[in-house]
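Chemist: Structure, please.
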Amino acid sequence: MPRPEQIHIQRHMTLEELERRIKKLEKNVRVLKRLYFIRYRLDGVSVEDAADRVGVTKNTAYIWQERWNESGYDGLIPRFAGGKPSKLTDEEKDILRQLLSERDTWTTEGVRELVSKEFGVDYTLKQIRIILKKFGMRCGKPYPHDHRRPDDAEDILKKTPGDG
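Modeler: Model prediction:
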């Protein structure tokens, strides 16, 4: 048997207004999910059941409800701090991009060593791949090079027997 509700949800707007906002915000999935949670709560569904219906943990659901009770709709809008600032400045990134363009092939380990040597900044290999992706550079799968292969191997293969 479910326990009685200990924290009641406040009505900051009518169900009709809530439905209107849900329809308007269908593209913003994060807010939409939170609005559905609030709608379920206003319909009398328990926090645990409403959390299950929208696919979040019970703790997250209580946080959403607390924000709703404090600030209404504005409390449901995600709060992003912008993330940790980059260790490299924009100027240093431009210099790095220039250094990388001087050579055709780089390994992520090679780029990491270059960044460490040139700028005194240590990054993980994952972060190096993220930086390269932001530069528009792609990682390729390495393949072995035969040191015995002649420089004009393609030309030699193009010649057919009898061409002389």
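Chemist: How about residue 45: what's its closest non-neighbour residue?
Modeler: Excluding its sequence neighbours, the residue lying closest to residue 45 (Cβ to Cβ, 6 or more residues apart in numbering) is residue 53, at 7.2 Å. The way it works is simple: take the backbone N, C-alpha and C, and place the C-beta from them, glycine included.
Chemist: wait, what's in contact with that neighbour?
Modeler: Counting by Cβ atoms under 8 Å, 6 or more residues apart in numbering, residue 53 touches 36, 37, 40, 45.
Chemist: so which strand or helix has residue 40?
Modeler: helix 29-42 (DSSP states H and E).
Chemist: coming back round to it: quick one: buried ones out of the contacts of residue 53?
Modeler: Buried members of these, counted by 16 or more other Cβ atoms under 10 Å: 36, 37, 40.
Chemist: hey, C-alpha coordinates of whichever strand or helix holds the residue nearest to residue 45 in PDB?
Modeler: Following DSSP H and E, one finds residue 53 within helix 47-54. In PDB, the C-alpha atoms belonging to helix 47-54 read as follows (Å, rounded to 0.1, in the frame of the first residue of the first chain):
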ATOM      1  CA  VAL A  47       6.200  11.200  -7.100                       C
ATOM      2  CA  GLU A  48       7.600   7.700  -7.600                       C
ATOM      3  CA  ASP A  49       5.000   6.700 -10.300                       C
ATOM      4  CA  ALA A  50       5.400  10.100 -12.100                       C
ATOM      5  CA  ALA A  51       9.200   9.600 -12.100                       C
ATOM      6  CA  ASP A  52       8.800   6.100 -13.600                       C
ATOM      7  CA  ARG A  53       6.500   7.400 -16.300                       C
ATOM      8  CA  VAL A  54       8.900  10.100 -17.500                       C
END
